[in-house]
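Asks: show me how the following folds:
(2 chains)
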Amino acid sequence: MASIQTGVAAVSATDIIENARRLRRETAADVHEVLVEAIYADAARIADRAVARPGRPARPTLDRTLDRILTSRVWGFPIMLLLFALMFWLTIIGSNVPSGMIADQLVGRLWPVLRELATSLGLPWWLKGLLVDGVYLSTAWVISVMLPPMAIFFPLFTLLEDFGYLPRVAFNLDRAFKQVGAHGKQSMSLMMGFGCNAAGVVATRIIDSPRERLLAILTNNFSLCNGRWPTQILIATIFIGSLVPAQWAGLVSAGAVTAVALLGIGFTLAVSWALSRTVLRGEVSAFSLELPPYRPPRFWQTLYTSLIDRTIFVLWRAIVFAVPAGAVIWLSANLNVGGVSLAQYLMHYADPVGVLLGLNGVILLAYIIAIPANEIVIPTVLMLTVLVTGSQGIGEGAGVMFELDSLDATRSLLEAGGWTLLTAVNLMLFSLLHNPCSTTIYTIYKETGSAKWTAVATLLPLALGFAVTFAVATVWRWAS
Amino acid sequence: MSLPFIVSLVIIAALLLWPDSGLVARWRQARVRAARVRREDALKHVLKCEVNGELPTLNSVAGALHIRDGAAADLIADMEAHGLISIGEGRIRLRQPGRELALHIVRAHRLWESYLAEQTGVAEAKWHQLAERKEHQLSPEDADALAARLGNPLHDPHGDTIPAAGADLPADTGRPFSTAPLDTPVLIAHIEDEPEAVYRQIQALGLRPGMKACIFAKEDGCIRFWADGREHNLTPILANNLAYVPLVGTTREDLFDEEFLSELHPGERARMLGLSAACRGAERRRLLDLGFVPGTMIEVELVSPSGDPIAYRVRGTVIALRREQARLIRIGNRETIPTEAVAS
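Replies: Predicted coordinates:
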C-alpha cells in the first residue's frame, strides 16, 4: 500500500481521502453558499474601503422626483396611458403620408413600368402575372404599409427605453402580471407587440426566467400589432362609425378600435392566467427588476439602432415571406379547375364555416393566404370579393390586390359581398384573435427552439378566435 | 380476395409485427422496461429499510410499489433468481449486485432532484415525480457526470444525503418534527416528499430544509411554530413529514426577533443579515449578484402604485423585489433615516 512518510506517523493515501470525505460530510450542508456569500461580502468590504464616495447622495434628486411622480399612486397610470396614446397617435398619423408616398412610387409608378417591361420581354401572361402582379405587388404592398409605422414606432419606443421609463412601467404594472403568474417585464414585450409581434417576441429576451418568458411569447399575439390597426380602423370607420351621427363617427370608431386593443390586453392576462395554472404551472422564479437611473436618450444612436435592429430585421423577414405568398395569392385566383378558379373553390368550401362564425369564406381564405403579413389582408379581401361578386370595373383583375381610394366605394363593394354589421364586428375580433403572421411564427420558433410551443402559439389564438366569433355570431342571431 | 384487401392486410401485419418498431415489439419492450422499473423500485425500498433499521417484508414491498401481494411475491422471487437479493430465515437481504443497483438508483434520484431544483424552473411539486421516472434512465456514468456538473452536492433539496459513487447510504437524519421540544429552536433537516399531496401542502407554506423553527404551542390537532419571521400551523400528521435536528447557539428570542426586508417601511433603512434557507438555487444566486449580500445597507426607495413590488436601494442601485422575495432577506439594525439625509 502506498504510504506517505511524515515525521510523526505514516499516513496512507486512503486514510487522507477517507478523512477528507468525513470532513466534507461534517461541514454544514450549505457550505457552498456560505462561501459564495463570504466572497461577495469580502468584495463589498474591499470596495467600500478603496472607493471614495464624495459627499453627495447616491442618486441625483431629479431622478428621485421623477420616480416619485412616474410611479405615484395618482399620476403613475395616467402618465403611462397618455404616453402610449401619444406614441400610437404619432405612429398612425405620421405614417399615413410616407406610406402613401411609398405606395405611389412602388405601386403607382414602378408597377406599370414592370408590367410593360414584362410585356416587351415577351413573357407569357402567366409568368408575368405570377412575378409582377403576384410576387412584386405583394412585396411592394408589405413594404409600403409596414415600413413607415415601424420606422416611427420603434424609434419612439427605443427612446422611452433608453430614457429609462420602461422599467418603471414594468414596476407599475407588475402587480397585475403577478396575479396571473407572469413577470412584470411582460408589460414591456406586450407594449412592443403593439408595434410588431415579431419584435415583441424578440423583446421577451429581457425576461430571465424561462417559464415567464414562454408565457410572454405565447400571449404576445394578443397585442394588436401595427399591421392590424389599419384593418381595425378601416372596418370601424365604415361599419361602426356610420351607426351614429356624423359628428360622433370619429370618436365612436376610435373607441371601437381602442376597445379591441384593450380586449387584447384582457386576453393576454386571461390566457397567461390560464396557462400558468395548467400547462405552465409553477412558482414565479426569481423576480427582480432593476430601475436604472434616468439618462438623456441618445437620439441619433437610438434612431440608427432601432432602424437596424428592429425595423429592417422585421421588414426583411416579412419580405421573405411575402414573396411566396404573393405567388400563392395570384395562383389561387388564376389557376382554373373546370372554369372556376381555385380561390373560388376554396371560398365555396370555407363559406359555411365562415358564415357559422359570422364571417364569410372570403375572409377565411384571405387570412389563410395572407398569412405573411396582416397588412395585406384587406387588399386580399377586396380582390377576392371582386372575384366572388363578379363586380365589373373594380380592381385590377384576378389575383391582383388593390385598395380603394374612397371609403364609400370600399363599403359598397363589401356590402355587395354580403357584409353586415356582424361581419364587421367579427372581422375586428378575428383580426385580434387569429394565428400570428408567418414572420412572428418563424420568430417564435427561433426564440423557443421548440416546434411544440410554436404550434401552441399559433393554434391557441386561432382556436380562441373561432370560439369568440362563433359565440358572438350565435348570440347576435339569437338576439336579432 | 381483392388486391386492396390483401394490401391492407400486409400493412396491418407490418405495423404489428415489424421488428423493433412494430406494435408487438414495442409492447414487449415496454413490458420489459416496466419489469425493470418495478425491480429497481423494490431494491430501493429494501435498501432504505435496511439503512433505517426496518425490516423489509412482502407487505412493505407491495405497499411501497402499490402492487398486490401476489405480484410482490413474484417480484421478490424474480429478484432472488437474478441474484439481487437473498431470502434466509424469512428475511429479505440485499446481495452485492442488488445493493449496488439500489444505491445507484437512490443516487440518481437525489441528483436529479438537485438538478431540477438548482438549474431548472420546474415546479417544486413535480421534482419527486420526475425524478422517479428519470432514476431508471440514468446510467452510473450519467449520474457521475451530473454530480460533477452540480458540484458533487451532498444533500438533495429535501435534505437527504446523496451517496457518493460506491459509498454506502447513511440512515435518514433527524427525528419527527412533532416530537421536537417546546420553545427550543431546532433545524429542519428533512422534508419527506411522499405522499405528494402532503408535500405540496408543506411546500406551499414555504418550509424548506435548513430553516430554523421553534414550536411554541402544541394544541389538539395543531402544532404552532415560528419560522422565517412568521407563524405556521401544521397538523401532527403533516408535521411528521418534517424531520428536525437539534440546534445549538440560537435562543428562542433570537428566532422570534428575526426581521425580514418585507417589514421595512419607506423612510427606514436596515442592515442585511442573510438570506433565508428557503431561498436557493438560481434565486439565491440572483439576489447575491444584485448586491443583496450580508452586511449591506438597504433602504426603501419606491413603492409601486399597487403596493407590490417595492423598490429598494442597495449599493447605489435601485432594485424592485416582490413581497415573496423580500420576505427571504433577513435584516437587522432597523432605523429611521434622518430627515436631512433624505432631503440632501
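Asks: need phi/psi at B:Ile298.
Replies: When quoted as degrees, to the nearest 10, the phi and psi of B:Ile298 stand at phi -130, psi 140.
Asks: isn't it up against B:Val314?
Replies: Yes. At 5.5 Å, B:Ile298 counts as touching B:Val314 under the criterion of Cβ atoms under 8 Å. To be clear about C-beta, it is placed using only N, CA and C from the backbone, and glycine gets the same treatment.
Asks: okay, and the common contacts of those two?
Replies: B:Phe292 (Cβ atoms under 8 Å, 6 or more residues apart in numbering or on different chains).
Asks: could you list the low-pLDDT ranges of the stretch 1-150 of chain B?
Replies: B:1, B:121 (pLDDT under 70).
Asks: make it 90
Replies: The model of the stretch 1-150 of chain B has pLDDT under 90 over residues B:1-6, B:14-26, B:32-36, B:38-39, B:42, B:44-100, B:114-134, B:138, B:147-150.
Asks: any idea how far the residue of the stretch 101-250 of chain A found nearest chain B is from A:Ala256?
Replies: The nearest approach of the stretch 101-250 of chain A to chain B comes at A:Arg175, 3.8 Å away (Cβ to the nearest Cβ). A:Arg175 sits at a distance of 29 Å from A:Ala256 (criterion: Cβ to Cβ, to the nearest Å).
Asks: for those two, indicate the residue with more neighbours.
Replies: A count of neighbours by other Cβ atoms under 10 Å in any protein chain shown puts A:Ala256 above the other of A:Arg175 and A:Ala256, at 21 against 16.
Asks: where's the more buried one, which helix or strand?
Replies: helix A:246-277 (DSSP states H and E).
Asks: thought the residue of the stretch 101-250 of chain A closest to chain B was touching B:Val303?
Replies: No. Taking contacts as Cβ under 8 Å, A:Arg175 lies outside contact range of B:Val303: 11.2 Å.
Asks: what's the closest residue to A:Pro297 other than its chain neighbours in contact with, if anything?
Replies: Closest residue in space to A:Pro297, ignoring its immediate chain neighbours: A:Asp162 at 4.0 Å, by Cβ to Cβ, 6 or more residues apart in numbering or on different chains. With contact set as Cβ under 8 Å, 6+ apart, A:Asp162 has these partners: A:295, A:297-298, A:302.
Asks: tell me who's in contact with the residue sitting nearest the centre point of chain A.
Replies: Centrality entry for chain A: nearest residue to the mean C-alpha point is A:Asn197, 1.3 Å, by Cα atoms, centre = their mean. Listed by Cβ under 8 Å, 6+ apart, the contact set of A:Asn197 reads A:220-221, A:223, A:225, A:436-437, A:440.
Asks: any idea how far it lies from A:Trp453?
Replies: Per Cβ to Cβ, A:Asn197 is found 15 Å from A:Trp453.
Asks: same question for A:Arg213.
Replies: 11 Å.
Asks: and the two? Which one has more around it.
Replies: Taking other Cβ under 10 Å, A:Arg213 and A:Trp453 do not tie; A:Arg213 has more neighbours (23 against 18).
Asks: is it correct that that one falls within a strand?
Replies: No. Applying DSSP: H, G, I helix; E, B strand; the rest coil, one finds A:Arg213 to be helix, outside a strand.
Asks: so what's it closest to, chain neighbours aside?
Replies: That would be A:Ile207: by Cβ to Cβ, 6+ apart, it lies 4.2 Å from A:Arg213.
Asks: which two among the contacts of A:Asn197 are spaced furthest apart?
Replies: The span of the contacts of A:Asn197, defined through Cβ to Cβ, is set by A:Ser223 and A:Cys437 at 12.8 Å.
Asks: between those two, who's got more neighbours?
Replies: A:Cys437 (28 against 23).
Asks: isn't B:Phe292 right next to B:Leu275, touching?
Replies: Yes. Using Cβ under 8 Å, B:Phe292 is in contact with B:Leu275, at 7.1 Å.
Asks: distance check, B:Ala243 against chain A.
Replies: Using Cβ to the nearest Cβ, to the nearest Å, B:Ala243 is found at 14 Å from chain A.
Asks: list the contacts of that residue.
Replies: Contact analysis of B:Ala243 by Cβ under 8 Å, 6+ apart lists B:159, B:172-177, B:188-192.
Asks: can you count the residues close to residue 275?
Replies: You didn't pick a chain, so chain A it is. Neighbour tally, A:Leu275, other Cβ under 10 Å: 21.
Asks: sorry, I should have been clearer: chain B.
Replies: 21.
Asks: sorry, back to before: of the contacts of B:Ala243, buried ones?
Replies: Taking 16 or more other Cβ atoms under 10 Å in any protein chain shown as the criterion, what is buried in the contacts of B:Ala243 is B:159, B:172, B:174-175, B:177, B:188-192.
Asks: helix or strand for A:Gly418, which one?
Replies: Counting by DSSP H and E, A:Gly418 is part of no helix or strand.
Asks: and it, what pLDDT?
Replies: As predicted, A:Gly418 sits at a pLDDT of 85.
Asks: quick one: residues contacting the closest residue to it other than its chain neighbours.
Replies: Among residues not flanking A:Gly418 along the chain, A:Asn360 sits closest, at 6.3 Å (Cβ to Cβ, 6+ apart). The contact partners of A:Asn360, by Cβ under 8 Å, 6+ apart, come to A:351, A:354, A:417-419, A:423.
Asks: ok, of these, which one's closest to chain B?
Replies: Nearest member of those to chain B, counting by Cβ to the nearest Cβ, is A:Asp351, at 34.6 Å.
Asks: does the helix or strand where A:Val468 lies reach chain B?
Replies: When elements are assigned from DSSP H and E, A:Val468 belongs to helix A:451-479. No. Between helix A:451-479 and chain B, judged by Cβ under 8 Å from any Cβ of the partner chain, nothing touches; the nearest distance is 14.3 Å.
Asks: could you pull out the buried residues of that helix?
Replies: Going by neighbour count (16+ other Cβ under 10 Å), the buried part of helix A:451-479 is A:453-454, A:456-458, A:460-462, A:464-466, A:468-470, A:472-473.
Asks: shouldn't A:Val11 be within a strand?
Replies: Yes. Assignment of A:Val11 by three-state DSSP places it within a strand.
Asks: so in terms of bridging, what pairs with it?
Replies: With DSSP bridges applied, A:Val11 shows beta-bridge pairing to A:Ile4.
Asks: stretch B:101-114 and chain A, any residue contact?
Replies: No. Against chain A, stretch B:101-114 shows no contacts by Cβ under 8 Å from any Cβ, the least distance being 11.6 Å.
Asks: return the distance of that stretch from the chain's centre.
Replies: Distance of stretch B:101-114 from the chain centroid (Cα atoms, centre = their mean, to the nearest Å) equals 13 Å.
Asks: so what touches it?
Replies: Residues outside stretch B:101-114 that contact it (Cβ under 8 Å, 6+ apart): B:40-41, B:43-44, B:46-48, B:84, B:94, B:127-128, B:130-132, B:134-136, B:138, B:140, B:142-143, B:146-147, B:150, B:153, B:156-158, B:160-163, B:165-169.
Asks: and if you look at stretch B:178-185?
Replies: B:186, B:212-218, B:223, B:236, B:239-240, B:244, B:246-247, B:250-252, B:254-255.
Asks: how near is the residue nearest to A:Gly418 to chain B?
Replies: Plainly put, A:Asn360 is 40 Å away from chain B if you go by Cβ to the nearest Cβ.
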